[in-house]
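Chemist: I'll drop the sequence and a predicted model, then ask my questions.
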Amino acid sequence: MILEDLFLADFKNYHNCSFSFSPKLNFIYGENGNGKTNILEAVSMLCYTKSFLMNAEADCVKYGENAFEITGNFKNRVDSKSTVKFLYHSEENVKQLICDNDKVTRSNDFLGRFPLVVLSPYDLKLTMGLQQDRRRNFDLLISQISRVYLNDLRKYSKIIKQKNSLLKDNLITKRYSNKELKELVGVWNSELLDLAVKLMIRRLDFIEEFKSYITSCFERIVGNRYSPVISYQSEIFEEADITGYNIDTLKNKLQSVLEEKLDAEIKRGISLAGPHRDNYMFYMNKSGEMFEMRTSASQGEHKTFVVALKLSEFGYINENLKHTNTGEPVLLLDDVFSELDKGRIKRISELITDFNQVFVTTTDKDHFGILKNNFTDSRTFYIVNGTAEKC
Ligand SMILES: Nc1ncnc2c1ncn2[C@@H]1O[C@H](COP(=O)(O)OP(=O)(O)OP(=O)(O)O)[C@@H](O)[C@H]1O
Ligand SMILES: [Mg+2]
């Protein structure tokens, strides 16, 4: 997939601005606070149906205005073109996504049509931060290649929401006796069981599949002194053998964990077990010693891990979509090179040459010198206060 051009109207600090992009490297530079990341955010809204920064649409309308528009023209592997338009009106709080003149009513049917991988400074929270950030990251990744996973995830989240609202509501109203409440929660538990196990198995399979991508990417950036490890942590795996899992074992195990937790769930008013509580753990094996990223990695190691993770996501999506017309994902690298030493920047820039279309933002114009030699085509954009000068 290639994003050929982009038009922004009253989006953040852009009043009216058009960009015509290179199919390879787009180098976007400028001083702090001028609107580089805003361009990437707009692209993510076209591909993900929401901002990669999780900003509300209302905050993206240019100050003093009441609506914004983002329009992008994409071209797929077989040169078929698509126009995607994202419109938002703040007065009615109405968001519209239009793809080739058709309104997109279910984002489930849309996600993955324009695959995208974003790497930004906010991704450091993947190795440093909360488990929900890691879950969200991998849910988005798997969803871009599997409609089944996305549908299961949506259904499961809906059930958990209803179960939580029952538990929370009863904590305040005491509408049901303990026995009645247990029966009602039991109904939700039996509804969620199959979905929960399907999600867990997909995630476990994903980790297995993803291992070779992240290992080789890491090796290309830092050599084989380091090797990354991702593991899946769940309440129900304490005793179950993860390598030999099957659907029935996992279902039985989850069922008994849910029964064990029932009293605690009622007491706390929240559901306590299932894939929405599971965790992806990141470890690093450094010269034979294993340490957990979150607690023990240095700043540079965090950054390197996240860069390798995201570049591997690109390879993973690409491989999984190779038999479709969609084509390779677009890669957005927001301010990635600051804090990395020149050697790593050089190796990363060599690595991304194999990629499809890449957008790089930076405050340092000199990075262009390192990057440009690796690309057959490039365009640079100098961003000043919501305007772009093509250089
Ligand atoms: N709704 C909005 N309306 C107008 N301007 C906005 C809006 N939201 C954010 N901005 C402006 O956009 C600018 C930030 O843009 P952006 O984050 O893209 O900068 P940047 O060039 O990436 O900077 P840095 O190099 O620091 O990352 C800020 O100056 C901010 O005030
Ligand atoms: Mg920025």
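Modeler: Great, that's in hand. Ligands and ions are numbered 1, 2, ... in the order given.
Chemist: what mean pLDDT does stretch 305-321 get?
Modeler: The average pLDDT within stretch 305-321 is 93.
Chemist: swap in stretch 347-364?
Modeler: On average, stretch 347-364 scores 90.
Chemist: could I get the buried residue list for it?
Modeler: Neighbour-count burial for stretch 347-364 flags 347-349, 351-352, 355-362 (criterion: 16 or more other C-beta atoms under 10 Å). From N, CA and C alone the C-beta is placed, and that goes for glycine too.
Chemist: what's the nearest residue to the spatially most central residue of the chain if we skip its chain neighbours?
Modeler: In the chain, the residue lying closest to the centroid (C-alpha atoms, centre = their mean) is N137, at 3.9 Å. Leaving aside its sequence neighbours, N137 sits nearest to L126 (C-beta to C-beta, 6 or more residues apart in numbering; 5.7 Å).
Chemist: same check, this time on P121
Modeler: Among residues not flanking P121 along the chain, D335 sits closest, at 5.6 Å (C-beta to C-beta, 6+ apart).
Chemist: ok, that neighbour touching T361?
Modeler: Yes - between D335 and T361 there is a contact under C-beta atoms under 8 Å: 5.7 Å.
Chemist: circling back: now render the buried residues of stretch 347-364 as a markdown table, adding distance to ligand 2 and secondary structure.
Modeler: Shown next, in a markdown table, are these (distance: C-beta to the ion, whole Å; DSSP: H, G, I helix; E, B strand; the rest coil):
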| residue | distance to ligand 2 | secondary structure |
| --- | --- | --- |
| R347 | 23 | helix |
| I348 | 18 | helix |
| S349 | 19 | helix |
| L351 | 22 | helix |
| I352 | 19 | helix |
| F355 | 21 | coil |
| N356 | 22 | coil |
| Q357 | 19 | coil |
| V358 | 16 | strand |
| F359 | 12 | strand |
| V360 | 12 | strand |
| T361 | 6 | strand |
| T362 | 9 | strand |
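Chemist: restrict the residues you listed to those near ligand 1?
Modeler: Of the residues in the buried residues of stretch 347-364, proximity to ligand 1 by C-beta under 6 Å from any ligand atom holds for none.
Chemist: helices of this protein, residue ranges please.
Modeler: For the chain, the helices defined by DSSP state H cover 36-48, 107-110, 124-128, 131-145, 147-173, 178-222, 247-268, 293-296, 299-320, 342-352, 367-372.
Chemist: so which of those helices is the most surrounded?
Modeler: The highest mean neighbour count among the helices of the chain, using mean count of other C-beta atoms under 10 Å, belongs to helix 36-48: a mean of 23.
Chemist: which strands and helices sit next to it?
Modeler: The contact analysis (3 or more C-beta pairs under 8 Å, 6 or more residues apart in numbering; DSSP states H and E) places helix 36-48 against strand 2-11, strand 25-29, strand 67-75, strand 81-89, strand 116-119, strand 330-334, strand 358-362.
Chemist: M1: how many residues sit nearby?
Modeler: By the criterion of other C-beta atoms under 10 Å, M1 has 21 neighbours.
Chemist: what's the average pLDDT for stretch 277-287?
Modeler: On average, stretch 277-287 scores 93.
Chemist: give me the contact list for it.
Modeler: The contact list for stretch 277-287, computed with C-beta atoms under 8 Å, 6 or more residues apart in numbering, reads 126-127, 131, 134-135, 138, 200, 203, 207, 225-235, 271, 290-294, 297, 301, 305.
Chemist: ok, now which ones touch the residue of the chain found nearest ligand 2?
Modeler: Residue nearest to ligand 2 within the chain: T37 (3.2 Å; C-beta to the ion). T37 makes contact with 53, 120, 334-335, 361, according to C-beta under 8 Å, 6+ apart.
Chemist: ditto for D100
Modeler: Residues near D100 by C-beta under 8 Å, 6+ apart: 82-83.
Chemist: next one: it from S80, what distance?
Modeler: The gap separating D100 from S80 is 10 Å, by C-beta to C-beta, to the nearest Å.
Chemist: rewinding a little: dump the helices and strands packed on helix 36-48 to JSON lines, plus distance to D278.
Modeler: Below are those laid out as JSON lines (distance: least, C-beta to C-beta, whole Å):
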{"stretch": "strand 2-11", "distance to D278": "34"}
{"stretch": "strand 25-29", "distance to D278": "37"}
{"stretch": "strand 67-75", "distance to D278": "34"}
{"stretch": "strand 81-89", "distance to D278": "32"}
{"stretch": "strand 116-119", "distance to D278": "23"}
{"stretch": "strand 330-334", "distance to D278": "28"}
{"stretch": "strand 358-362", "distance to D278": "32"}
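Chemist: let me know which of those is the nearest to V384.
Modeler: strand 25-29 (10.4 Å; C-beta to C-beta).
Chemist: what are the contacting residues of that closest one?
Modeler: For strand 25-29, contacts defined as C-beta under 8 Å, 6+ apart pick out 36, 39, 357-365, 367-368, 371-372, 375, 377-383.
Chemist: hey, what's in contact with both of D335 and T361?
Modeler: Counting by C-beta under 8 Å, 6+ apart, the residues touching both D335 and T361 are 36-37.
Chemist: point out where the stretch 151-300 of the chain drops to low pLDDT.
Modeler: For the stretch 151-300 of the chain, applying pLDDT under 70 flags the ranges 238-244.
Chemist: switch to 50 and redo it
Modeler: The model of the stretch 151-300 of the chain has pLDDT under 50 over residues 239-240.
Chemist: of all the residues in it, which one is nearest ligand 1?
Modeler: Q299 (17.9 Å; C-beta to the nearest ligand atom).
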